[in-house]
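[1] with the input below, show me the fold.
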Amino acid sequence: RLIAVCEGGLTHAHEAESADVAATQLVDATRGAVRMRGEVGHTLGSSIQELIRSLDHPVPATPTGVPTLDGMGCGFRPGELTLLAGRPSHGKTALALHMAKAAATHKLPVWFCSLEMSREALTMRWLAADAGVWYSALRGGTLTPNEFTRLSASVEALSALPITIDDHASIGLGDLRRAMVGAPRALLIVDYLQLVQPPPGAKGQTRTQEVGAISRGLKAIAHDCKVSVLALSQ
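    Residues are numbered from 1 along each chain as shown. Below you'll find the predicted structure:
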């Protein structure tokens, strides 16, 4: 079945309207081809035994950097999709940057996918927040000697964190899935959900249906790739 799907992928690649569409179709098809019937489900008894084993050796969630949230058990866990929602210009990206830094400080690899801000702007915001300087002063080059010293220390500290920035303005679920394959226990941050390209089957539907399809796709990525996903949403 897998060989047949891969051979069919060549035909689809020649006929598809874009490489992203062809790649997404191939990823979905190969997942279905290798999913055997016996692997579809698990009995309740086996699930209980697996749960008991996990309780004996619990894996703590990665902290969000917000003590109140962490105390409520809202840290980052593989397989979970978390939504960070708010109105425009109310600080969603600033909070996501703080959470990314906190997760990376605890050795969790972070993939920050920004569909709205450039890599340069994100990097400046990270540095300004960590060094405790005004973003405008950093951007305008008007830092005081003391602020420049703090900035130098932040440059060294942040450079060592396992954070990857992807600032492509147009990105789809297939791109995100391919980035997460083989990266278990990573944290994928999407800024923001409504800017992700809807899957091919959802294009042309109502905006509500498109956003619903994107949300389901992000949840599937978290579940299948065993990664944590933090999606910002307006």
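
[2] show me the longest helix that occurs in the chain.
    Residue-count comparison of every helix in the chain, with assignments taken from DSSP state H, identifies helix 207-225 as the longest.

[3] buried ones in it?
    210, 211, 213, 214, 215, 217, 218, 220, 221, 222, 225 (16 or more other C-beta atoms under 10 Å). No exception for glycine: its C-beta is placed from N, CA and C like everyone else's.

[4] how about the contacts made by residue 175?
    Residues in contact with residue 175, defined by C-beta atoms under 8 Å, 6 or more residues apart in numbering, are 20, 168.

[5] which SSE is immediately downstream of the helix or strand harbouring it?
    For residue 175, the host element (DSSP states H and E) is helix 173-180. Going down the chain from helix 173-180, the next helix or strand is strand 187-191, by DSSP H and E.

[6] and the pLDDT for the residue lying closest to residue 202 once chain neighbours are set aside?
    The shortest distance from residue 202 to any residue other than its chain neighbours is 3.7 Å, reached at residue 213 (C-beta to C-beta, 6 or more residues apart in numbering). Per-residue pLDDT puts residue 213 at 86.

[7] residue 213 against residue 200, yeah?
    No: the pair formed by residue 213 and residue 200 falls short of the contact definition of C-beta atoms under 8 Å, at 9.9 Å.

[8] tally of neighbours for the nearest residue to residue 223 once chain neighbours are set aside?
    In space, not counting the residues next to it along the chain, residue 223 is nearest to residue 79; the distance is 5.2 Å by C-beta to C-beta, 6+ apart. As a burial measure, residue 79 scores 16 neighbours (other C-beta atoms under 10 Å).

[9] so how far is stretch 194-210 from its chain's centroid?
    On the basis of C-alpha atoms, centre = their mean, to the nearest Å, stretch 194-210 sits 18 Å off its chain's mean C-alpha point.

[10] C-alpha coordinates for that stretch, PDB please?
    This file holds the C-alpha atoms of stretch 194-210, laid out as PDB (Å, rounded to 0.1, in the frame of the first residue of the first chain):
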ATOM      1  CA  GLN A 194      -6.200  32.700  11.300                       C
ATOM      2  CA  LEU A 195      -3.200  33.400   9.100                       C
ATOM      3  CA  VAL A 196      -2.400  29.700   8.500                       C
ATOM      4  CA  GLN A 197      -3.400  28.500   5.000                       C
ATOM      5  CA  PRO A 198      -6.400  26.200   5.200                       C
ATOM      6  CA  PRO A 199      -6.000  22.700   3.900                       C
ATOM      7  CA  PRO A 200      -6.900  22.100   0.300                       C
ATOM      8  CA  GLY A 201     -10.200  20.500   1.100                       C
ATOM      9  CA  ALA A 202     -11.400  23.500   3.100                       C
ATOM     10  CA  LYS A 203     -10.500  26.200   0.600                       C
ATOM     11  CA  GLY A 204     -13.600  27.900  -0.700                       C
ATOM     12  CA  GLN A 205     -15.700  27.100   2.400                       C
ATOM     13  CA  THR A 206     -16.900  29.700   4.800                       C
ATOM     14  CA  ARG A 207     -14.300  31.400   7.000                       C
ATOM     15  CA  THR A 208     -15.700  29.700  10.100                       C
ATOM     16  CA  GLN A 209     -15.300  26.300   8.400                       C
ATOM     17  CA  GLU A 210     -11.700  27.100   7.200                       C
END
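
[11] I'm done for today, thanks for sticking with me.
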